[in-house]
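>>> Following is a predicted model, sequence given first.
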Amino acid sequence: MSNEFKCGYAAILGLPNAGKSTLMNNLLGQKISIVTRRPQTTRHRIIGVHTDQDSQIIFVDTPGLLNPAYKMQERLVSFIHKSVAEADVLLLIVDAANEKNNFELLSTAFNQSGKPVILLLNKIDLIDKQKLLSLISTCQNWFGFQAIIPISAQNNDGVQLVLNEIKKILPLHPALFPDDVLTEHTERFLTAELIREAIFDRYFDEIPYSCDVQIEEFKERENGMIFILAYIFVEKDSQKSIIIGKDGTMIRSLGIDARKKIEEFLNSKIYLELRVKVEPNWRRNEKSLQRFGYHQMTD
């Protein structure tokens, strides 16, 4: 590594479904953050590390910006504030195709931070050039952005420009992670996330938002297969019935989907056992949130 090596944190901010997780996965060249079509999939600060010959960028994928309605959502907002406080640069990603973007809520994430902000106008493949130019003009008057970059995270369009712009801002600093590390999260944590992703893919309405996944066992057996026991926590008996389905059909299908995702991620055969438990009102219960890893964060 040269004496000009740069290293720092880049927090990815945006409204739900703006494309934050898709962007981070493409920036890293590998899936770390789960992605679904549903808003508010991300619930934690997901760390991804991009290292090349002259820099190390530590990306932080954050939950979607919102006005919290209950304790768990308050935790998500605290995760965002913590990420902003620690970042060297903020990446604000906006769905360019959404004509109802809440710019007032977006502004609360960075206005008082004093950090350089790069605005990423995402999903440019879904709008015409004239609308894009108009949006760029509007955003130039909105805030003194370090740069405004049109991208399509889904199509990997503009990603290299984002990396180049971040490098201009990062401080000179030695790498904080070994160059072969992609994330600080454990396989257990990422496995639980993949099960949650499968729940979002398969169930509708409030069910995915009422669920949390905790890994009870994760161990390699003598035959080389990894045994995973995961508990899916829901808030009501009726939700438990929906997750399981008639004669267990739904949870079996869920297990098949989740197993495929996990085996691809671990590059290993697994035996996955899913069980469902009711934890009444866990999203509003302080003890449950602490037990599930949703710890309050301060700036």
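All right, it came through fine.

>>> And residue 93, how far from residue 244?
Using CB to CB, to the nearest Å, residue 93 is found at 37 Å from residue 244. To be clear about C-beta, it is placed using only N, CA and C from the backbone, and glycine gets the same treatment.

>>> the more surrounded of these two?
Between residue 93 and residue 244, residue 93 has the larger neighbour count (other CB atoms under 10 Å), namely 26 against 18.

>>> so the more buried one touches residue 13, yeah?
Yes. Counting by CB atoms under 8 Å, residue 93 does reach residue 13; the two are 7.1 Å apart.

>>> if I look at these two, which residues touch both of them?
residue 20 (CB atoms under 8 Å, 6 or more residues apart in numbering).

>>> burial count for residue 277?
Residue 277: 11 neighbours (other CB under 10 Å).

>>> Look at it and report its pLDDT.
Note for residue 277: predicted pLDDT of 98.

>>> again, but for residue 221
89.

>>> which one is it nearest to, not counting chain neighbours?
residue 227 (5.5 Å; CB to CB, 6 or more residues apart in numbering).

>>> May I have the secondary structure class of that neighbour?
strand (DSSP: H, G, I helix; E, B strand; the rest coil).

>>> Can you show me the strands along the stretch 51-200 of the chain?
Using DSSP state E, counting those that start in this stretch, the strands assigned to the stretch 51-200 of the chain run over residues 55-61, 89-95, 117-122, 147-150.

>>> Run through the stretch 1-150 of the chain and note the low-pLDDT ranges.
Across the stretch 1-150 of the chain, the ranges flagged by pLDDT under 70 are 1-2.

>>> what about the nearest residue to residue 192 once chain neighbours are set aside, helix or strand, and which?
Excluding its sequence neighbours, the residue lying closest to residue 192 (CB to CB, 6+ apart) is residue 213, at 4.3 Å. Assigned by DSSP states H and E, residue 213 belongs to strand 212-220.

>>> which other helices and strands contact the longest helix along the chain?
Ranked by residue count under DSSP state H, the longest helix found in the chain is helix 249-266. Contacts defined by 3 or more CB pairs under 8 Å, 6 or more residues apart in numbering; DSSP states H and E place helix 249-266 against helix 187-202, helix 237-244, strand 270-278.

>>> need these in CSV with distance to residue 140, can you?
Shown next, in CSV, are these (distance: least, CB to CB, whole Å):
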stretch, distance to residue 140
helix 187-202, 36
helix 237-244, 46
strand 270-278, 50
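
>>> burial measure for the nearest residue to residue 68 once chain neighbours are set aside, as a count.
Of all residues not flanking residue 68 in the chain, residue 74 sits nearest, at 4.5 Å (CB to CB, 6+ apart). The burial count assigned to residue 74 is 14, neighbours taken as other CB under 10 Å.

>>> domain assignment for the chain?
Listed by automatic domain parsing, the domain ranges of the chain are 6-169, 187-291.

>>> Would you mind finding the most buried of the ones you listed?
Of the domains of the chain, the one with the most neighbours on average (mean count of other CB atoms under 10 Å) is domain 6-169, at a mean of 18.

>>> For the nearest residue to residue 95 once chain neighbours are set aside, give me phi and psi.
What sits nearest to residue 95 in space, not counting adjacent residues and going by CB to CB, 6+ apart, is residue 18, at 4.8 Å. Note on residue 18: its backbone torsions stand at phi -80, psi -20 [degrees, to the nearest 10].

>>> Could you list the residues in contact with stretch 152-164?
19, 22-23, 26-27, 50, 57, 91, 93, 118, 120, 122-125, 149-151.

>>> Which residue comes closest to residue 212 once chain neighbours are left out?
Nearest to residue 212 is residue 233, by CB to CB, 6+ apart, at 4.7 Å.

>>> Report whether the expected contact of that neighbour with residue 213 is present.
Yes. Residue 233 is within contact range of residue 213, at 7.5 Å (criterion: CB under 8 Å).

>>> Roughly how far does residue 292 sit from residue 279?
From residue 292 over to residue 279 (counting by CB to CB), the distance is 8 Å.

>>> Nothing else from me, thank you.
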